[in-house]
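[1] what's the 3D shape of this:
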Amino acid sequence: MRTCNRVLGSALLVASLTLSGVIASQPACADDYPELSEDVGPVKAFRFGARAYLSGDFRYALKALEHAAKAGHAIAIWKLGKMYADGDGVDEDDQRAFDYFRQIANAHADDNPHSQMASVYSNAFVQLGNYYKAGIPGSQVEQNYGEAARMYMHAATYFGDADAQYELARMYLDGSGVPRDPAQSIRWLYSAAKKEHVAAQALLGDLLISGADVHARPVEGLKWLLIAKNKAGPADRDWVLSLHFKAMQATSADQQSAAETAANAWISSAAQ
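    Model prediction:
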């Protein structure tokens, strides 16, 4: 008898499934799922696939999501891209992931940036930017910083995507794919930091404290590092703590007190 193994996946998927009513209750653990005949529409096929995915039945999930994707179901297409990108329930295949994300980008580049689906569309652009930045060995997707910057720019400006804004900030800081412009980098970091993007908050704080590329503002910089430290998860915690430790060595007691007051005010305001 198959054991039910609930696999939550990404927060973006869970949010999307909640919006579509897929996980209003616990996912089913049935051994058998409905046959995916031609009369099963994309919405129903996606729901079947999502429930199977959340209960760990990747074989059926893949079949159902592909059924929905062929009819243009955007979340199904995006989830297939993520599965192949991460090797999640399937063999990792970056080219197939890239093709799924490109399908979303081509079809939904100009869709409503304030819709419930906007985060799915913008994330597809971010994923494409990541692939262009690194390239895909053995494929026709070569490393192309300019194209990566173009993907990030669209997601950052049209959809207001914080991940894209952070990646674009790093490119302006390094001069990769765009002219080097630390001031522009700071502007994008501020935009992402205000959306609670931990990496953007930490990098912004470090740059403002060091003053290497921009006018030093140690109190403002330490404020953002304290905010990042408060929110950092396991993936970010070590490097954020390292920057925080360095910042504490570079600032005075008065500056630290002022930064802590400002950070606490921001954290309290964000929680409301």
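
[2] tell me what the helix or strand where S242 lies is packed against?
    Assessed by DSSP states H and E, S242 sits inside helix 237-250. Using 3 or more C-beta pairs under 8 Å, 6 or more residues apart in numbering; DSSP states H and E, the elements in contact with helix 237-250 are helix 198-210, helix 218-231. All C-beta atoms are positioned from the backbone trio N, CA, C, and that covers glycine.

[3] for the record, mean pLDDT for the helix or strand hosting D254?
    Using DSSP H and E, D254 maps to helix 253-271. Average pLDDT, helix 253-271: 95.

[4] cool, and stretch 217-236?
    In the prediction, stretch 217-236 has an average pLDDT of 96.

[5] and what of stretch 35-51?
    Stretch 35-51 comes out at a mean pLDDT of 87.

[6] which other residues reach the helix holding S242?
    Residues outside helix 237-250 that contact it (C-beta atoms under 8 Å, 6 or more residues apart in numbering) are 198, 202, 205-206, 209-210, 218, 221-222, 225-226, 228-229, 232, 256.

[7] Looking at those residues, which one is closest to N106?
    Set against N106, the nearest of the contacts of helix 237-250 by C-beta to C-beta is V198 (30.9 Å).

[8] Spit out the contact partners of that closest one.
    Per C-beta under 8 Å, 6+ apart, neighbours of V198: A228, K231, A232, G233, D236, V240.

[9] Turn the residues you listed into TSV, including neighbour count and distance to S115.
    Converted to TSV, the contacts of V198 look like this (neighbours: other C-beta atoms under 10 Å; distance: C-beta to C-beta, whole Å):
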residue	neighbour count	distance to S115
A228	29	29
K231	17	27
A232	19	30
G233	8	27
D236	16	29
V240	24	32
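
[10] Just flag the most distant two among these.
    A228 and G233 (10.7 Å).

[11] Tell me the secondary structure at A216.
    Three-state assignment for A216 (DSSP: H, G, I helix; E, B strand; the rest coil): coil.

[12] With only the CA atoms kept, save the strand or helix carrying A64 in PDB.
    Using DSSP H and E, A64 falls within helix 58-70. The C-alpha coordinates for helix 58-70 follow below in PDB (Å, rounded to 0.1, in the frame of the first residue of the first chain):
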ATOM      1  CA  PHE A  58       5.100  12.300  -9.200                       C
ATOM      2  CA  ARG A  59       4.400   9.900 -12.000                       C
ATOM      3  CA  TYR A  60       0.700  10.800 -12.200                       C
ATOM      4  CA  ALA A  61       1.400  14.400 -11.400                       C
ATOM      5  CA  LEU A  62       3.700  14.700 -14.400                       C
ATOM      6  CA  LYS A  63       1.200  13.100 -16.700                       C
ATOM      7  CA  ALA A  64      -1.600  15.400 -15.500                       C
ATOM      8  CA  LEU A  65       0.400  18.600 -15.500                       C
ATOM      9  CA  GLU A  66       1.600  17.800 -19.100                       C
ATOM     10  CA  HIS A  67      -2.100  17.300 -20.100                       C
ATOM     11  CA  ALA A  68      -2.900  20.700 -18.600                       C
ATOM     12  CA  ALA A  69       0.200  22.400 -20.100                       C
ATOM     13  CA  LYS A  70      -0.700  21.300 -23.600                       C
END
